[in-house]
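>>> Next come a sequence and a model predicted from it.
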Amino acid sequence: MSDELPPPKHNPVEPSPGYNPSLNLPGHYPPPPPPLTPGGYGGYAQGPPPPAAPYSRGDQPTGPPNRFGSLAGIGAVGVLLKILLAGKFLTLITLGASFGLYSWRYGPLVAGGLVGMIFVHEMGHVLEIRRQGMKATAPIFIPFFGAAIFQNSHPTDALRQAQIGIAGPVAGTLGATAALVMFHATGYSWLAVWAGIGFGLNLFNMIPVGMLDGGWILAPVSKWSQVLGLVLLVGASLWIHFPIEYLLLILVIGFPALMSRFQNAGSDYYRSVPMGGRIAMAIAWIGLCAYLIWGVFYVLSIFGVSPF
């Protein structure tokens with residue numbers, strides 16, 4: 001019998017906390033118009049998650065271990081794997097592409113504000129969709145057009161859809177307000193730029209027409225809100241010198257939603273909304289628009305720019 005001890009076995013490294021190889025969340029919002037007949041619209045497809053990669057640790061180095069570097073490396077790998085396995089890799093790719101193109105056009109500071117405020121806005125939609133018990137993907141960025149999310153199930157009445165619609169501007173407004181507060185706390189002018197971007201983007205989305213969030217927010221209030229939205233869209237485009245090609249694209253994509261709202265005015269999708277819900281969404285839309293207008297004007301005053 002030999003007195004030699006057997007060689008030590010290599011112990012696998014435990015995955016980082018929260019790692020779940022079975023997690024499979026995919027990564028268009030605003031949602032498309034409701035169908036002519038009751039049912040869903042849009043959708044998404046997802047595949048199986050990528051197989052979990054094995055983890056192993058090689059021979060231990062001699063000398064005192066660099067525990068901070070090891071823990072940081074393991075944590076970074078864990079976070080990366082969680083993102084990949086949760087189906088958010090496409091979000092990272094499209095976010096990076098958008099940031100690069102925005103940086104090329106406007107500079108990195110403005111690009112950071114754009115992708116950051118768009119992400120916060122879209123996550124407001126995602127959280128409300130999931131709060132209502134439905135599934136939604138992470139935002140997919142579309143350079144120079146914003147971002148979109150997709151969902152595999154949809155509300156059965158206009159009020160719940162309006163709640164999803166207003167959740168994005170609410171989240172975006174909170175993000176812009178936070179940037180404004182941090183600007184006053186630090187004096188960094190780029191934070192004021194970010195706040196202005198957030199206020200402007202969310203205010204534009206509150207226009208009640210077509211695929212913009214305002215169209216879904218005021219859909220249960222009145223079918224004539226879409227006509228109001230057309231007037232506001234043209235007026236806002238002239239005020240901010242909005243590129244004509246983007247304006248035409250919004251009109252073309254949003255026209256089916258406008259027609260659907262009038263054609264389905266008598267459907268249960270709209271008629272089931274109680275009067276209290278209609279009044280609440282109208283007040284919420286007016287109040288949020290008023291605050292966003294103040295925010296835009298206030299940021300412009302910081303830089304000594306006249307809004308007119």
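Everything's here; your move.
>>> Name the helix or strand for residue 147, please.
For residue 147, the host element (DSSP states H and E) is strand 146-148.
>>> can you pull out the helices in this protein?
Taking DSSP state H to define them, one finds helices in the chain at 67-85, 89-106, 108-131, 158-186, 189-205, 213-217, 225-240, 244-263, 268-271, 275-302.
>>> In a markdown table, list those along with mean pLDDT, distance to residue 150 and mean neighbour count.
C-beta coordinates here come from the backbone N, C-alpha and C atoms, glycine included. Listed next are the helices of the chain as a markdown table, based on pLDDT from 0 to 100; distance: least, Cβ to Cβ, whole Å; neighbours: other Cβ atoms under 10 Å:
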| stretch | mean pLDDT | distance to residue 150 | mean neighbour count |
| --- | --- | --- | --- |
| helix 67-85 | 55 | 18 | 13 |
| helix 89-106 | 90 | 11 | 16 |
| helix 108-131 | 94 | 10 | 21 |
| helix 158-186 | 96 | 13 | 21 |
| helix 189-205 | 95 | 18 | 23 |
| helix 213-217 | 92 | 16 | 28 |
| helix 225-240 | 83 | 24 | 16 |
| helix 244-263 | 77 | 16 | 15 |
| helix 268-271 | 88 | 20 | 16 |
| helix 275-302 | 96 | 24 | 16 |
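>>> So for residue 151, which of those sits nearest?
Set against residue 151 and scored by Cβ to Cβ, those come closest in helix 108-131, at 5.6 Å.
>>> Give the other helices and strands that the closest one contacts.
Under the contact criterion of 3 or more Cβ pairs under 8 Å, 6 or more residues apart in numbering; DSSP states H and E, helix 108-131 touches helix 89-106, strand 146-148, helix 158-186, helix 189-205.
>>> now for the last one, which elements pack on it?
Counting contacts by 3+ Cβ pairs under 8 Å, 6+ apart, helix 189-205 is packed against helix 108-131, helix 158-186, helix 275-302.
>>> Now do that helix and helix 108-131, the angle between them.
Angle, helix 189-205 to helix 108-131, by axes from the mean of the first three to the mean of the last three Cα atoms, to 10 degrees: 50 degrees.
>>> Helix 189-205 versus helix 275-302: what angle between them?
Put simply, helix 189-205 runs at 140 degrees to helix 275-302, going by the same axes, to 10 degrees.
>>> do you know how far residue 116 is from residue 249?
To residue 249, residue 116 is 24 Å away according to Cβ to Cβ, to the nearest Å.
>>> same deal with residue 296?
To residue 249, residue 296 is 23 Å away according to Cβ to Cβ.
>>> for residue 219, same thing?
Going from residue 219 to residue 249 by Cβ to Cβ gives 21 Å.
>>> and if you look at residue 203?
In terms of Cβ to Cβ, residue 203 sits 19 Å off from residue 249.
>>> ditto for residue 269
If you go by Cβ to Cβ, the gap between residue 269 and residue 249 works out to 26 Å.
>>> At the geometric centre of the protein, which residue sits there?
Of all residues in the chain, the one closest to the mean position by Cα atoms, centre = their mean is residue 122, 1.3 Å from it.
>>> Once you drop chain neighbours, what's closest to that residue?
Spatial nearest neighbour of residue 122, excluding adjacent residues (Cβ to Cβ, 6 or more residues apart in numbering): residue 139 at 3.8 Å.
>>> Quick one: residues contacting that neighbour.
The contact partners of residue 139, taken as Cβ atoms under 8 Å, 6 or more residues apart in numbering, are 27, 29, 91, 95, 118-119, 122-123, 126, 147-149.
>>> about what we covered before: and residue 244, which of the helices and strands packed on helix 189-205 is closest to it?
The nearest among these, by Cβ to Cβ, is helix 108-131 at 21.0 Å.
>>> pretty sure residue 285 contacts residue 203?
No. Contact between residue 285 and residue 203 fails when scored by Cβ atoms under 8 Å: they sit 11.6 Å apart.
>>> returning to what we had before: do you know how far the residue nearest to residue 122 is from residue 126?
Counting by Cβ to Cβ, the gap from residue 139 to residue 126 is 7 Å.
>>> do residue 214 as well
Residue 214 is 19 Å from residue 126, by Cβ to Cβ.
>>> can you count the residues close to residue 138?
24 (other Cβ atoms under 10 Å).
>>> quick one, phi/psi of it?
phi -70, psi 160 (degrees, to the nearest 10).
>>> re the thing from before, which helices and strands sit right next to the strand holding residue 147?
Strand 146-148 packs on helix 108-131, strand 140-142, going by 3+ Cβ pairs under 8 Å, 6+ apart.
>>> Note down every partner strand of that strand and its orientation.
Under the criterion DSSP bridges, strand 146-148 sits next to strand 140-142 (antiparallel) in its sheet.
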